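>>> Using only what follows, build the 3D model:
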Amino acid sequence: MAMLQWFPLLCIFFISASAAKVQTKVTDNPADELVSALNSNRTANKLSSLYSNPGLACLALQYIKAYGGDCKVVGGPDGKKPAESEFAQEFAPNCGVQASSLAQITGRFLACQSKYAEPSEAFNDILIRNTKSLDILYSKNHTEVGAAVSGSGGGGPYFWCVLFSNGKPKSSFSTGGVEPKVSRPGCFSGSNDQCSGANTLSQTIYLWTITVGASVALLYALGV
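As a prediction, the model looks like this:
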């Protein structure tokens, strides 16, 4: 009988632990993971890792937003890209980055597809496509990097952007000591912000199910 009384409480403990674990997964940032994969690849090839600059990463997200969710103009013969002037005139103000701290962009990766990919897959199979991509990745001109990942309206298409710079780490792309401005949808590396991937909806439903289950178990334990 005593075991039966303790069983619901054990269920509550187990469910709470599961909820905490899921919450940890929800706050993972795929843009940070993209930078980690990139730096791991560089160091494996005896190159220095690059400083993850959140200001530069915020610009990468603004770079994505300039495409308005249009995958067709990313790469290929009809490919387009934002004007360089937009970095100072639009991207920097939108991020709270001081225009005087902007540094040269020494390389960039940009890719888009309808299906979401995990960061390691996006890096290995989508962003690194040819010898030119490897030349950009392994360039010794880079000192810092910023990455961004974004869907469109809560779903596909999905964009991945990586910007490289030769700026001075911790002083270029400065936001004056405050966090770069966060905008939705999407996320960027180094933002310390809760970021959602393709499976956010399923995680939200799962958390709701856990909450309901915990409530039922608690009511049972209290004899309600």
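>>> Could you measure from the residue nearest the centre of the chain over to Gly76?
By Cα atoms, centre = their mean, the chain has its centre lying nearest to Ala31, at 2.7 Å. Per Cβ to Cβ, to the nearest Å, Ala31 is found 24 Å from Gly76. Bear in mind the C-beta positions are built from the backbone N, C-alpha and C, glycine included.
>>> Sheet-wise, list the partners of the helix or strand hosting Tyr158 with their directions.
Assigned by DSSP states H and E, Tyr158 belongs to strand 155-165. Looking at strand 155-165 with DSSP bridges, its partner strands are strand 105-113 (antiparallel), strand 144-152 (antiparallel).
>>> closest one to Gly69 among these?
For the strands paired with strand 155-165, the distance to Gly69 is smallest for strand 144-152, at 3.6 Å, taking Cβ to Cβ.
>>> Okay, domains of this protein per the record?
28-193, 198-224 (automatic domain parsing).
>>> weakest of those domains in terms of mean pLDDT?
Note on these: lowest mean pLDDT is at domain 198-224, with a mean of 39.
>>> before we move on, back to that, save the strands paired with strand 155-165 as JSON lines, and put in mean neighbour count and distance to Lys72 too.
Conversion of the strands paired with strand 155-165 to JSON lines gives the following (neighbours: other Cβ atoms under 10 Å; distance: least, Cβ to Cβ, whole Å):
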{"stretch": "strand 105-113", "mean neighbour count": "19", "distance to Lys72": "9"}
{"stretch": "strand 144-152", "mean neighbour count": "26", "distance to Lys72": "13"}
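>>> Out of the ones you listed, the one nearest Ala66 is which?
Here strand 105-113 is closest among the strands paired with strand 155-165 (Cβ to Cβ), at 10.4 Å.
>>> packing partners for the next helix or strand after the closest one?
Per DSSP H and E, strand 105-113 leads on to helix 119-121 as the next helix or strand towards the C-terminus. Contacts defined by 3 or more Cβ pairs under 8 Å, 6 or more residues apart in numbering; DSSP states H and E place helix 119-121 against helix 30-44.
>>> which residues are in contact with the helix or strand following the helix it packs on?
Note on helix 30-44: by DSSP H and E, the next helix or strand toward the C-terminus is strand 51-52. Residues outside strand 51-52 that contact it (Cβ atoms under 8 Å, 6 or more residues apart in numbering): Asp32, Val35, Thr143, Glu144, Val145, Gly146, Pro169, Lys170, Ser189, Gly190.
>>> bridging residues for the fifth one?
Under DSSP bridges, the beta-bridge partners of Val145 are Ser52, Phe164.
>>> wait, doesn't it sit right on Leu38?
Yes. Val145 lies in contact with Leu38 (Cβ atoms under 8 Å); the separation is 6.5 Å.
>>> which residues do the two both contact?
Taking Cβ under 8 Å, 6+ apart as the contact rule, Val145 and Leu38 both touch Leu50, Val162.
>>> residue contacts, Gly75?
Residues in contact with Gly75 (Cβ under 8 Å, 6+ apart) are Leu110, Ala111.
>>> Quick check: the gap between it and Gly167.
26 Å.
>>> Tell me the buried residues in stretch 87-94?
Neighbour counts using 16 or more other Cβ atoms under 10 Å place Phe87, Glu90, Phe91, Ala92, Asn94 of stretch 87-94 among the buried residues.
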